[in-house]
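Student: I would like to see how this sequence folds:
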Amino acid sequence: MVYKGVYGVLLALHLITVVFIVGPLVFAASSAPRLLRGGAEAVGSLQNTLRAVRLYSALSLLTVILGTGLVSIKSSASSPHTNWDFGDPWIGASYVLWLIAVAVSFLLIGGGLQQGITELQAGRPAGAATGKVAAGAGVASLCWLAIVVLMVFKFGS
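Tutor: Below is the predicted model:
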């Protein structure tokens with residue numbers, strides 16, 4: 001299937017942001033618990049990971065904006081497979097899952113990383129923070145995975 005015109009450009013940009021924004025976000029979040037177990041020597045890496053989680057969480061809005069543009073384009077000769085509508089269940093569910101993933105990334109993962117950094121800098125283990133970050137990374141990853149499944153199968157469309 002060939003996508004032409006504005007739809008093709010938006011689709012390419014949407015997929016690029018998924019790979020280069022959401023991908024690193026998932027990686028940073030999932031590697032954070034291991035870093036927290038690394039002790040005080042890992043504080044610099046943890047600070048970088050915290051910045052990455054915050055930055056990529058915010059930048060994931062670009063993916064949503066581009067996806068919204070894709071849904072907004074109605075069928076035409078250059079994009080015959082865009083009969084989607086904002087009322088389609090898979091689109092609404094994707095927005096909700098994105099909001100959950102970003103909230104979890106900022107609050108649970110980001111908050112846990114900040115808590116862990118503070119604990120490690122004080123010479124204490126980051127046990128509770130490690131669990132919070134690991135749980136957050138798991139929930140956020142499941143949300144991202146569910147979004148991909150919804151994008152492929154378009155349930156309710």
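Student: only C-alpha atoms from now on, for both contacts and neighbour counts.
Tutor: Will do.
Student: if you skip the residues just before and after it, what's nearest to the residue positioned nearest the centre of the chain?
Tutor: Closest residue to the average C-alpha location of the chain: residue 22 at 4.4 Å, with CA atoms, centre = their mean. Distance criterion CA to CA, 6 or more residues apart in numbering; nearest residue to residue 22, sequence neighbours excluded, is residue 60 at 6.3 Å.
Student: what helix or strand is the one you found located in?
Tutor: Assigned by DSSP states H and E, residue 60 belongs to helix 43-72.
Student: in that helix, which residues are buried?
Tutor: 43, 46, 49-50, 52-54, 56-57, 60-64, 66-68, 70-71 (16 or more other CA atoms under 10 Å).
Student: and the angle from whatever helix or strand comes next after it to helix 43-72?
Tutor: Per DSSP H and E, the first helix or strand lying C-terminal to helix 43-72 is helix 89-103. Computed with axes from the mean of the first three to the mean of the last three CA atoms, to 10 degrees, the direction of helix 89-103 lies at 160 degrees from that of helix 43-72.
Student: just the CA trace of helix 89-103, in PDB.
Tutor: Taking C-alpha atoms only, helix 89-103 is exported to PDB below (Å, rounded to 0.1, in the frame of the first residue of the first chain):
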ATOM      1  CA  PRO A  89     -13.200   3.100  20.000                       C
ATOM      2  CA  TRP A  90      -9.600   2.300  19.100                       C
ATOM      3  CA  ILE A  91      -8.800   6.000  18.700                       C
ATOM      4  CA  GLY A  92     -10.400   7.100  22.000                       C
ATOM      5  CA  ALA A  93      -8.700   4.200  23.800                       C
ATOM      6  CA  SER A  94      -5.300   5.200  22.300                       C
ATOM      7  CA  TYR A  95      -5.700   8.700  23.700                       C
ATOM      8  CA  VAL A  96      -6.600   7.400  27.100                       C
ATOM      9  CA  LEU A  97      -3.700   5.000  27.200                       C
ATOM     10  CA  TRP A  98      -1.300   7.700  26.000                       C
ATOM     11  CA  LEU A  99      -2.500  10.000  28.900                       C
ATOM     12  CA  ILE A 100      -2.000   7.100  31.400                       C
ATOM     13  CA  ALA A 101       1.500   6.300  30.000                       C
ATOM     14  CA  VAL A 102       2.600   9.900  30.200                       C
ATOM     15  CA  ALA A 103       1.100  10.500  33.700                       C
END
